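Colleague: give me a model of this one.
(2 chains, ligands or ions: 3)
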There are 2 protein chains.
Amino acid sequence: MTKLFDLLGKQTLFFDGAMGTLLQEIGMAPGEFPESWNLSRPDDIKSIHRAYLEAGCHILKTNTFGGNRVKMAEAGLSVEEVVKAGVSIAKEAAKGFENRFVALDMGPTGKLMEPLGELSFDEAYEAFKEMAIAGEGAGADLCLIETMSDTYETKAAVLAVKENTSLPVFVTMIFDEQGKLLTGGDIPAAVAMLEGLGVDALGFNCGAGPEQMGKLLPQLLDCTCLPVIVNPNAGLPVSVNGKTVFNVNPTEFAHEMEKIGKMGAWMLGGCCGTTPEHLKATVERCGGIEPKPLPEPCRTVVSSYAKAVELGEVSVIVGERINPTGKKRFKEALRENDLDYILREGITQQQNGAHILDVNVGLPEIDESAVMAAVVPKLQGVVDLPLQIDTTNIEAMERALRIYNGKAMVNSVNGKAESMEAVFPLVQKYGGVVVALTIDEEGIPETAEGRLKIAEKIVKTAGRYGIHKRDIIVDALTMTISSGPDSALVTLKAMELIKKELGVKTILGVSNVSFGLPKREIVNSAFYLLALEHGLDAAIINPNAEAMMESYFAYRALAAKDPQCGNYIARYGGQDSAPKTQAAGRLSL
Amino acid sequence: MTKLFDLLGKQTLFFDGAMGTLLQEIGMAPGEFPESWNLSRPDDIKSIHRAYLEAGCHILKTNTFGGNRVKMAEAGLSVEEVVKAGVSIAKEAAKGFENRFVALDMGPTGKLMEPLGELSFDEAYEAFKEMAIAGEGAGADLCLIETMSDTYETKAAVLAVKENTSLPVFVTMIFDEQGKLLTGGDIPAAVAMLEGLGVDALGFNCGAGPEQMGKLLPQLLDCTCLPVIVNPNAGLPVSVNGKTVFNVNPTEFAHEMEKIGKMGAWMLGGCCGTTPEHLKATVERCGGIEPKPLPEPCRTVVSSYAKAVELGEVSVIVGERINPTGKKRFKEALRENDLDYILREGITQQQNGAHILDVNVGLPEIDESAVMAAVVPKLQGVVDLPLQIDTTNIEAMERALRIYNGKAMVNSVNGKAESMEAVFPLVQKYGGVVVALTIDEEGIPETAEGRLKIAEKIVKTAGRYGIHKRDIIVDALTMTISSGPDSALVTLKAMELIKKELGVKTILGVSNVSFGLPKREIVNSAFYLLALEHGLDAAIINPNAEAMMESYFAYRALAAKDPQCGNYIARYGGQDSAPKTQAAGRLSL
Ligand SMILES: [Zn+2]
Ligand SMILES: [Zn+2]
Ligand SMILES: [Zn+2]
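Modeller: Ligands and ions are numbered 1, 2, ... in the order given. Model (predicted):
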């Protein structure tokens, strides 16, 4: 596939347009499986492909959109046969053309995933795997996972392709006009997950015309560093005589696509309702658009199925309560497999203002890996916050990262070779923002400079695994001030130094600072405030502790990060507002 | 008196020794007033002076120690006659000697001051004034106020001399071996007040031998920038056959005085039990000691009668509760002259941890000046904290500063010419650390740089009044964040900038930051913590508000300013120590 990547970014590339629309025109009956035509009417498929090639399209989508075992079982067809035929027809069609590519097309299974529906993650994975293997075997140049409306199913598809083939993976998803997936996810959430999984290009398809997609495109371009694909329908669907039609004509379509290309999409094509005429007009109008350079990856983002959380813009709160350490009741719940208890801890923390939830279910006497695999999807069923997978058990970490719906925070890696060798491959494969602790084989350095050195080593090693530093968030390690008077100062200094020198984000487990002291929240909330002032990007705290949240909201109001003190007033305005302290009126000169 | 100041600091100077001891030896009966000899046996006095002059002493103490109207009324003698005779005899004696000076000697009245005793501040003042006028009239070269054991009586004496004569004023006080005055004051407190009043030299006399004074001397040298006098007794008193004797012999005395001179005392002499032989030996042994240069004034100190509070070393808490602004009950108390209410506010704040108490009794409908004059001494009767005299009424300010026992904080001056012209003369005369608000005729600048400019102007103008910048503490003005989002940031920036550029201390009225917001203490305590982190030297806060004190104690513990978290644990250790938040055990790798 060097050829496709040689062209990508050098010139605007064109996907083809609709297949189904054209098949209906030449007689496909309602309810018929389009994929069956690969076997029954290959020449018709081939001539549609040829029409798109003649229109100037570079990438053909094979007629395999629904060619997965879930749908094909219903059709009574063999996945392997349908897929191989679909790829072969396209390759046949492309013979004699230069710089044309065949994308194995995979649409959704059509079933809802657990827990909403019945399709398990593994079943989805297997379905896509089967297609991918067949498609690669038949000579596809890449795989296009398209029209996806569920990030979770998309993740299964991406992993299936990446783990079983060496095909490049392009993904396009279907958003509504508000930029939401059917499952509620938004663009930044989807992008975070897809970039984390290492797809090669991503974008929009179907569900809207070029005008609507053009409106959503800036949001997409703002949050991705990957090449963008835009494959709109020929407008919004209109019902004419009981038939669904799309009535943006080729000229109008091409006109809108030109704007999209100029905004920065590298690949343009069509979906429902588009025809070779639409694509021909688009190629003519947009063929000369020079692709804009891609932005450098810089933002540090984690996501759930629903939303993305960027670390750094506003300091982020990672709720620390799902953790059995020192909690008798929590340990009991784990031993008794009382997941409801854990889910309630999650819900409470979200209600109290956490942005991310730490999930630690480590207890020597339980099967951490199994519990982790049970807790993660259930938690995602009740809270829509991104999770931080917190474990030293690498098996548990991998199981959690695999089934997590989104791009997780991973806690943690450290400067020991053993840790980096185990954790980095998982982060590279599943995506994630990994918490890097400044400790290594020689322990925790007493100085800020020593901790910087370890952080530097971790960032460098991560780079060798293809992990960008934006996906590393360094924890300079909070030690208790009851053991050493300087320990808080050293931590703050290390945090600032690491942030400045390495340009990475920072995180701290705040409450360790007060270990061994009475009334720990007094020290914790003060240390949290100082850390915020020194630029901390994320704090692992107890969001149920009001003093901690007070530090957070007061800091934001004081530091001009809360316009009109709006969040502060929203949180505290309803409470007794009689000030205990009066202004001493010292300015009344 | 240029002559004395020409020598001072160029060579070690010598006071003479005891007078009373020698008079007893030549027949003064127990109970007899030594001052009566000025009239009855002037030649005996004169020959004692001559003996000291011949021993090499530069400064004679006139035989007027008890020559004040309180004691002379008892003796049936005229103050004017006794003092004039005393000065004249010494001047006579010194004729023919070069570089010899006559110090009008004034000891304490012997009566306790109000409220402990019956002597009012004004009565003490009048007694010393009478002596000072007579002494200057008779040709004294300076005034030595000595053997003082009460700062308040000392203040009356210093003001009496400075306001009614142009004599230089030297003051020596009598401390016990623990460095305490009879009234409980310590050395830094006494020094702060005396330096504030503008005395020319200060030191120790009587009460102890040179060995004991030598042990206290480093403390004195550490806290004063003035020339130091040490006039010890000839050892500690011993009772021999019912007679009090001092048995450090001249050689031993001179040996100890040499250490004292080398430590940095510029003027050496003797008190009870010392003789011309002691002084002769001392002059011989110490005459060659070269005076050390005086330290630059740098510390910012206020004091009560009991103790000094240095601003800056540890950030200082100024209790804001004695202020009627916005307090209905307080206003009632003022209108009803219910001083007990105010005193209780003072006591509570001291108990809760204030270091200084703001005193504001301004209410349009009351005689602020009279109330201030009543409140200040009463407050000093129940709390031993330094006070901050807080008023815009210049008459009230002067009355308060005059009768205040110590060196007060003065709130406030600002950059308006009118304000500086009214306030600076008072600060110059009575001493004090003055709060300088960064506002002037054009209002409060919106930028940190604008506030710096005003602070600069204030410091410069103060200098023309002889007020050192160490006695200016700049308030960069806290504005509420509810009106402007940047206001807290600007205040913190201005505070840091002013501190750095001008080298002055800083203070803030913290609670203004939250004006107009709900749950103000949340914002106040957070802003307080940020201000501490940015180097705030003093904060005007409500010490009864636990959240504020929590910021204070937590900050100190976190910033390594509370060894072993001792103060933190002392304050919070007794309370429920079950931490609401558990350490998440994140370091247990
Ligand atoms: Zn479509
Ligand atoms: Zn004496
Ligand atoms: Zn700072």
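Colleague: which residues does the most centrally placed residue in chain A contact?
Modeller: In chain A, the centroid-proximal residue (CA atoms, centre = their mean) is A:M193; its distance is 1.6 Å. By CB atoms under 8 Å, 6 or more residues apart in numbering or on different chains, the contact list for A:M193 reads A:151, A:154-155, A:303, A:405-407, A:431. C-beta coordinates here come from the backbone N, C-alpha and C atoms, glycine included.
Colleague: what does the stretch 201-350 of chain A put close to ligand 1?
Modeller: A:206, A:271-272 (CB under 5 Å from the ion).
Colleague: ok so, going back, so what does the residue nearest to the centre of chain A look like in phi/psi?
Modeller: phi -60, psi -50 (degrees, to the nearest 10).
Colleague: now it: how far from A:F204?
Modeller: 15 Å (CB to CB, to the nearest Å).
Colleague: ok, A:V245 next?
Modeller: Distance, A:V245 to A:F204, by CB to CB: 21 Å.
Colleague: check A:M106 too.
Modeller: Taken as CB to CB, the span from A:M106 to A:F204 is 17 Å.
Colleague: got it, and A:V169?
Modeller: Counting by CB to CB - A:V169 and A:F204 are separated by 16 Å.
Colleague: same drill for these two, tell me which one is more crowded.
Modeller: Applying other CB atoms under 10 Å in any protein chain shown to A:V169 and A:F204 shows that A:F204 carries more neighbours, namely 29 against 25.
Colleague: what's the neighbour count on A:D537?
Modeller: 23.
Colleague: so it touches A:V314, yeah?
Modeller: No: with contact defined as CB atoms under 8 Å, A:D537 does not reach A:V314; the gap is 9.3 Å.
Colleague: next up, the contacts around A:L334.
Modeller: Per CB under 8 Å, 6+ apart, neighbours of A:L334: A:324, A:342, A:361, A:363, A:366, A:371.
Colleague: looking at those residues, which are in strands?
Modeller: Under the assignment DSSP state E, the contacts of A:L334 contribute nothing to strands.
Colleague: A:I472: which of the residues you listed is nearest?
Modeller: A:V361 (24.1 Å; CB to CB).
Colleague: ok, and the closest non-adjacent residue to the closest one?
Modeller: The shortest distance from A:V361 to any non-neighbouring residue, by CB to CB, 6 or more residues apart in numbering or on different chains, is to A:V371 (4.7 Å).
Colleague: likewise A:A476?
Modeller: A:A494 (3.8 Å).
Colleague: state the distance from the residue of chain A found nearest ligand 2 to B:V316.
Modeller: With CB to the ion, the shortest gap between chain A and ligand 2 falls at A:P485, namely 46.0 Å. Between A:P485 and B:V316 the distance is 21 Å, computed by CB to CB.
Colleague: and these two? which has more neighbours close in?
Modeller: Set side by side, A:P485 and B:V316 show more neighbours around B:V316, with 25 against 17, by other CB under 10 Å.
Colleague: enumerate every residue touching the closest residue to A:G209 other than its chain neighbours.
Modeller: Of all residues not flanking A:G209 in the chain, A:G235 sits nearest, at 3.8 Å (CB to CB, 6+ apart). Taking CB under 8 Å, 6+ apart, we find A:G235 in contact with A:209-211, A:246-248, A:253, A:273.
Colleague: repeat the analysis, applying 10 Å as the threshold.
Modeller: The contact partners of A:G235, by CB atoms under 10 Å, 6 or more residues apart in numbering or on different chains, come to A:208-212, A:245-249, A:252-253, A:256, A:272-274.
Colleague: can you tell me the closest non-neighbouring residue to the residue in the stretch 1-150 of chain A positioned nearest to chain B?
Modeller: As assessed by CB to the nearest CB, chain B sits closest to A:P115 within the stretch 1-150 of chain A, at 28.4 Å. In space, A:P115 comes closest to A:G381 once its chain neighbours are excluded; the distance is 5.3 Å by CB to CB, 6+ apart.
Colleague: what do you get for A:Q564?
Modeller: A:Q564's closest residue in space is B:P485 (CB to CB, 6+ apart), at 7.4 Å.
Colleague: cool, A:G139 as well?
Modeller: A:K91 (5.5 Å).
Colleague: next, that neighbour: secondary structure please.
Modeller: Look at A:K91: counting by DSSP: H, G, I helix; E, B strand; the rest coil, its state is helix.
Colleague: and for it, the neighbour number?
Modeller: Neighbours of A:K91 (other CB under 10 Å): 20.
Colleague: that one is in contact with A:I45, isn't it?
Modeller: No: between A:K91 and A:I45 there is no contact under CB atoms under 10 Å: 11.8 Å.
Colleague: what do those two both touch?
Modeller: A:T62.
Colleague: okay, and the residue nearest to A:A476 sits in which element?
Modeller: Following DSSP states H and E, one finds A:A494 within helix A:487-502.
Colleague: what comes up buried for that helix?
Modeller: For helix A:487-502, burial by neighbour count (16 or more other CB atoms under 10 Å in any protein chain shown) applies to A:487-499, A:502.
Colleague: quick one: the helices in the stretch 401-550 of chain A?
Modeller: Along the stretch 401-550 of chain A, counting by DSSP state H, counting those that start in this stretch, helices occupy A:417-430, A:448-464, A:487-502, A:520-533, A:546-558.
Colleague: make JSON lines from the ones you listed and add mean pLDDT to it.
Modeller: Formatted as JSON lines, the helices of the stretch 401-550 of chain A follow (pLDDT from 0 to 100):
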{"stretch": "helix A:417-430", "mean pLDDT": "98"}
{"stretch": "helix A:448-464", "mean pLDDT": "98"}
{"stretch": "helix A:487-502", "mean pLDDT": "97"}
{"stretch": "helix A:520-533", "mean pLDDT": "97"}
{"stretch": "helix A:546-558", "mean pLDDT": "97"}
